[in-house]
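Novice: Predicted model, plus sequence, below.
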Amino acid sequence: MEGNQVVVVDVINLNNMKKIIIPVVFLFSFVGFSQTSKDLNKNYTKRVLENAEVDLISSFYSQDGDNAAVTGGIGTEKLTDIATNITVSIPLNANDVLTIDGTISAYTSASSSNVNPFDGGGNTSNRFDYDDDDKGTISAKSAASTNVNTNNLGNSISNSSGGSPWVESSGASKSDVWASGDIGYSHYSADRNSIVGVHLNFANEFDYTSFGFGGSFTKLFNEKNTEIDLKGNVYFDSWQPVYPTEIKAYKEANSNLNAGFFTGVDILNKNGTIINKNGPTVWSPFNTNLIDNKSRNTYSVSLSFFQILSKKAQVSLFLDLVKQDGWLANPMQRVYFGDKANYFIGNASSIPNYTSKSNTDVFQLADDIERLPTTRFKIPVGARFNYYINEAVSLRTYYRYYYDDWGITAHTANIELPIKISDTFTLYPTYRYYTQTAADYFAPYEENLSTSDYYTSDYDLSEFNSNQFGFGISYTDIFTSRRIWKLGLKSIDLKYSNYKRNTGLTAGIVNVGFKFVMD
């Protein structure tokens with residue numbers, strides 16, 4: 001969830017935007033709902049929420065792949081993430097509910113560590129950086145610090161490995177923690193046909209901070225068989241940018257390849273020959289103008305329509321309009337041009353095998369960082385259809401079409417088949433298919449051109465399709481007979497999902513959720 005955009009994730013998020021996202025990133029709110037009842041002798045409005053409820057969700061996520069954006073579209077994408085989300089819904093009175101939501105996500109990322117690949121090697125271990133057009137249940141982001149003393153680093157690598165896109169660095173940027181908090185308030189009308197809600201949100205990561213707020217209005221008609229929802233959200237995000245080490249050091253040394261980071265460090269051409277740093281042909285970044293606008297703002301409006309068609313069928317339609325402006329590229333992510341000479345640090349004999357996993361000790365110096373337009377407009381539109389087959393089996397379906405003005409169009413189809421095997425246990429197998437076209441600015445490693453205004457090698461913006469299979473089991477106890485302190489256990493959900501892209505990225509996630517009712 002980069003910032004807190006409106007996203008839909010293919011697996012469980014993650015784009016270079018720190019998403020979200022996730023992130024594989026999650027903000028869930030659970031609000032109980034009760035209909036109005038009338039006493040025979042007097043009017044009586046039942047409370048929206050009888051008791052405080054607590055929802056706890058934890059997940060473990062792991063991925064692997066060979067197209068890390070931080071290292072220009074090649075390199076290890078290994079990542080692990082452990083996240084916990086807690087939501088507390090508190091009835092303030094019969095008509096008002098306060099919701100407090102918090103999430104903490106801790107990850108280790110091989111590609112993020114290679115913001116500074118020269119900080120020593122280690123066991124290979126990229127953040128699941130989904131772009132928001134390909135999301136499912138996690139939002140997450142690629143981010144972390146380098147904490148590098150560039151004045152002394154050069155001497156430490158002059159006689160050692162130059163790093164590799166296939167081996168994680170041992171520096172601080174290989175891990176990070178993302179934290180988010182949200183507080184919301186909902187007011188229900190006495191007849192329960194209108195609901196007004198507002199919320200505030202804050203999220204922080206080493207190189208990214210987000211502040212947001214929003215509101216919603218829900219109206220029910222036709223004896224609550226028809227529902228219309230309108231939501232609006234605004235997020236004001238800010239970068240604390242982290243750049244590839246070689247580009248940052250070059251700028252800090254005032255373009256002097258004999259100072260700072262580069263002191264005593266040999267730079268090799270594509271043939272493995274040490275170049276003359278004072279000669280006419282040397283390495284230099286294509287563009288030393290880095291981030292000139294550290295903000296990233298997101299504005300979204302959502303409209304949804306829900307209709308009960310019969311005792312067995314329900315349908316809903318939704319439309320989102322999302323506008324972003326500011327620095328929408330990720331400053332951590334390298335780009336290599338096909339029309340520029342290549343330069344390396346490390347073992348000359350490994351240069352011919354640079355794109356192979358057998359390369360463990362040479363690293364190519366970046367031509368530039370990712371650059372993308374400063375505005376983006378997105379339109380997701382879709383539908384859900386649920387059908388009650390019989391007492392044991394139901395059908396839940398979902399379809400979404402996505403369009404943005406960067407050239408991406410996408411289709412998502414999802415099917416879930418809950419199977420009730422007893423009064424308390426339900427099984428639910430799921431399948432999800434996703435496909436998208438490439439952004440206008442995407443090209444693989446060394447296929448972008450320096451003559452372009454915008455360029456990226458982030459495979460979240462490439463053409464691909466993916467399949468996700470999942471299986472879950474749910475336990476429900478409406479009487480909350482099992483208790484922990486003052487909390488009655490209402491339900492437990494356990495689910496595993498397996499995700500595969502045709503680009504080679506694979507991932508798995510385990511989610512477990514608990515719902516408690518407080519006395």
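Specialist: Thanks, I have the structure now.
Novice: Tell me which stretches of the protein form helices.
Specialist: Listed in chain order, the helices of the chain (DSSP state H) span 110-113, 150-157, 245-252.
Novice: Which elements pack onto the shortest one?
Specialist: This means helix 110-113. Helix 110-113 is packed against no helix or strand, with contacts defined by 3 or more Cβ pairs under 8 Å, 6 or more residues apart in numbering; DSSP states H and E. The C-beta positions use only the backbone N, C-alpha and C, and glycine is treated the same way.
Novice: so how far is it off the chain centroid?
Specialist: When distances are taken as Cα atoms, centre = their mean, to the nearest Å, helix 110-113 is centred 16 Å away from the chain's centroid.
Novice: And D320, how far from V301?
Specialist: Taking Cβ to Cβ, to the nearest Å as the measure, D320 falls 7 Å from V301.
Novice: Over to V322?
Specialist: The gap separating V322 from V301 is 8 Å, by Cβ to Cβ.
Novice: out of the two, which sits in the more crowded spot?
Specialist: Under the neighbour definition other Cβ atoms under 10 Å, V322 and V301 were set side by side, and V322 has more, 20 against 15.
Novice: Against E370, how distant is that one?
Specialist: Going from V322 to E370 by Cβ to Cβ gives 20 Å.
Novice: Skipping adjacent residues, who's closest to I369 in space?
Specialist: Leaving aside its sequence neighbours, I369 sits nearest to P331 (Cβ to Cβ, 6 or more residues apart in numbering; 5.4 Å).
Novice: you'd agree that neighbour is up against W239?
Specialist: Yes. Contact between P331 and W239 holds when scored by Cβ atoms under 8 Å: they sit 6.7 Å apart.
Novice: which neighbours do the two share?
Specialist: I291 (Cβ atoms under 8 Å, 6 or more residues apart in numbering).
Novice: List the residues that contact D339.
Specialist: L449, S450, T451 are the contacts of D339 under Cβ under 8 Å, 6+ apart.
Novice: try it again with 7 Å
Specialist: The neighbourhood of D339, defined by Cβ atoms under 7 Å, 6 or more residues apart in numbering, consists of L449, S450.
Novice: same question, I308
Specialist: N225, Q314.
Novice: What does the pLDDT read for the spatially closest residue to K357 that is not a sequence neighbour?
Specialist: Using Cβ to Cβ, 6+ apart and skipping residues adjacent in sequence, the residue nearest K357 is W166, 4.9 Å away. Looking at W166, its pLDDT reads 95.
Novice: How about I275?
Specialist: According to the prediction, I275 has pLDDT 96.
Novice: Could you list the low-confidence segments of the stretch 401-519 of the chain?
Specialist: In the predicted model of the stretch 401-519 of the chain, no residue satisfies pLDDT under 70.
Novice: give me that answer again for 80
Specialist: Flagging of the stretch 401-519 of the chain using pLDDT under 80 yields the residue ranges 478-481, 484, 486, 519.
Novice: Stretch 63-71 - what's its average pLDDT?
Specialist: Stretch 63-71 shows a mean pLDDT of 96.
Novice: no wait, stretch 182-194
Specialist: Mean predicted lDDT for stretch 182-194 stands at 97.
Novice: For that stretch, measure first residue to last.
Specialist: 22 Å (Cα to Cα, to the nearest Å).
Novice: coming back round to it: and the helices of the chain, which one's lowest on average pLDDT?
Specialist: helix 150-157 (a mean of 35).
Novice: the strands in the stretch 401-519 of the chain, which residues?
Specialist: Ranges of strands within the stretch 401-519 of the chain are 409-416, 419-420, 425-436, 464-476, 483-484, 487-501, 506-518, based on DSSP state E, counting those that start in this stretch.
Novice: Just send those back as JSON lines, with mean neighbour count and distance to E391 too.
Specialist: Putting those into JSON lines (neighbours: other Cβ atoms under 10 Å; distance: least, Cβ to Cβ, whole Å) gives the following:
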{"stretch": "strand 409-416", "mean neighbour count": "17", "distance to E391": "17"}
{"stretch": "strand 419-420", "mean neighbour count": "16", "distance to E391": "7"}
{"stretch": "strand 425-436", "mean neighbour count": "17", "distance to E391": "12"}
{"stretch": "strand 464-476", "mean neighbour count": "18", "distance to E391": "15"}
{"stretch": "strand 483-484", "mean neighbour count": "10", "distance to E391": "29"}
{"stretch": "strand 487-501", "mean neighbour count": "18", "distance to E391": "19"}
{"stretch": "strand 506-518", "mean neighbour count": "19", "distance to E391": "23"}
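Novice: okay, those in JSON lines with distance to P244 next?
Specialist: Converted to JSON lines, the strands of the stretch 401-519 of the chain look like this (distance: least, Cβ to Cβ, whole Å):
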{"stretch": "strand 409-416", "distance to P244": "29"}
{"stretch": "strand 419-420", "distance to P244": "50"}
{"stretch": "strand 425-436", "distance to P244": "27"}
{"stretch": "strand 464-476", "distance to P244": "25"}
{"stretch": "strand 483-484", "distance to P244": "48"}
{"stretch": "strand 487-501", "distance to P244": "25"}
{"stretch": "strand 506-518", "distance to P244": "25"}
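Novice: where does the stretch 251-400 of the chain dip in pLDDT?
Specialist: Counting by pLDDT under 80, the stretch 251-400 of the chain contains no low-confidence residues.
Novice: right, and D182 touches A203 too?
Specialist: No. Here D182 does not reach A203: they are 8.8 Å apart, not a contact under Cβ atoms under 7 Å.
Novice: Verify the contact between L417 and P429 for me.
Specialist: Yes. The criterion here is Cβ under 7 Å, and L417 meets it with P429 at 5.6 Å.
Novice: which residues do these two both contact?
Specialist: Contacts common to L417 and P429, judged by Cβ under 7 Å, 6+ apart, are absent.
Novice: Okay, and the beta partners of M518?
Specialist: L487 (DSSP bridges).
Novice: my guess is it contacts I484, does it?
Specialist: No. Counting by Cβ under 7 Å, M518 does not reach I484; the two are 10.4 Å apart.
Novice: how distant is stretch 297-305 from the center of its chain?
Specialist: With Cα atoms, centre = their mean, you get 18 Å for stretch 297-305.
Novice: Ok, stretch 433-453 next?
Specialist: For stretch 433-453, the distance to the chain centre is 20 Å (Cα atoms, centre = their mean).
Novice: returning to that earlier point: give the contact list for the residue nearest to K357.
Specialist: G75, T76, T124, K357, N359, T360.
Novice: Please produce CSV containing the residues you listed, extended by distance to D207.
Specialist: Listed next are the contacts of W166 as CSV, based on distance: Cβ to Cβ, whole Å:
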residue, distance to D207
G75, 20
T76, 21
T124, 23
K357, 28
N359, 28
T360, 27
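Novice: Let me know the closest of those residues to T281.
Specialist: Within these, the smallest distance to T281 is 24.0 Å, found for N359 (Cβ to Cβ).
Novice: Please look at that closest one and S164 and confirm they touch.
Specialist: Yes. Between N359 and S164 there is a contact at 5.3 Å, judged by Cβ under 7 Å.
Novice: of these two, who's got more company?
Specialist: Ranked by neighbour count (other Cβ under 10 Å), N359 and S164 place S164 first, with 27 against 23.
Novice: bridging residues for the more buried one?
Specialist: With DSSP bridges as the rule, S164 is bridged to V167.
Novice: Brilliant, that's me finished.
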